[in-house]
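K.L.:
everything below, folded, please.
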Amino acid sequence: MVIQRWQSVMLLIAGVMMGIFSFCSLGQIQAEAYTFNVTALGISREGIATAADEATGISTIVLFILSLLSALLPLIDIFCFGNMRLQKKVALVSGLFAAVAGVIAAFTASGFASDFNSTVSWSVFISAPAIALIADILAFRLITSDQKKLRAADRLR
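P.N.:
Predicted structure coming up:
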């Protein structure tokens, strides 16, 4: 007997939030002459370059891979309901990846903006890793609760 209810919903929320984080714009940096778009794939300048020495942005492929992993792991974890120990471990790893991805995105964009003496205008999607982390922690707690319920039911048999 396996109880599978709310942890699936929490894992789905975590996966969707990190999927949104991976593919949506996270913010904008307005420099004196340029506007830069911040995404998980990197920081890229909007518009067409007119000179070769102009700033073009940076690539953050590691952040993109990390955010994709933290989007896919909870979705895969939903189907690991037969092995609750594995499900708990995958939920923790997914939460860790989400937290690290959020921190990397924030520090990378802030550091890049400071090079241009500017600040980052964050979009609402920068909060997706925090929401995913909370959902992963809740899923972990719900899985633990279900394990306790199963142990109690086994003792009654």
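K.L.:
go through the protein and flag its longest helix.
P.N.:
helix 84-115 (DSSP state H).
K.L.:
and the gap between Leu150 and Leu11?
P.N.:
Distance of Leu150 to Leu11, computed by Cβ to Cβ, to the nearest Å: 18 Å. From N, CA and C alone the C-beta is placed, and that goes for glycine too.
K.L.:
the more surrounded of these two?
P.N.:
A direct count of neighbours by other Cβ atoms under 10 Å for Leu150 and Leu11 places Leu11 higher, at 30 against 14.
K.L.:
neighbours around Ile61, how many?
P.N.:
The number of residues near Ile61, taken as other Cβ under 10 Å, comes to 10.
K.L.:
phi, psi of the nearest residue to it once chain neighbours are set aside?
P.N.:
Distances taken as Cβ to Cβ, 6 or more residues apart in numbering place Leu41 nearest to Ile61, at 7.1 Å, with adjacent residues excluded. Torsion angles at Leu41 (phi, psi; degrees, to the nearest 10) stand at phi -80, psi -20.
K.L.:
please pull out the lowest mean pLDDT helix or strand from the chain.
P.N.:
Across the helices and strands of the chain, mean pLDDT, DSSP states H and E gives its lowest value to strand 57-59, namely a mean of 84.
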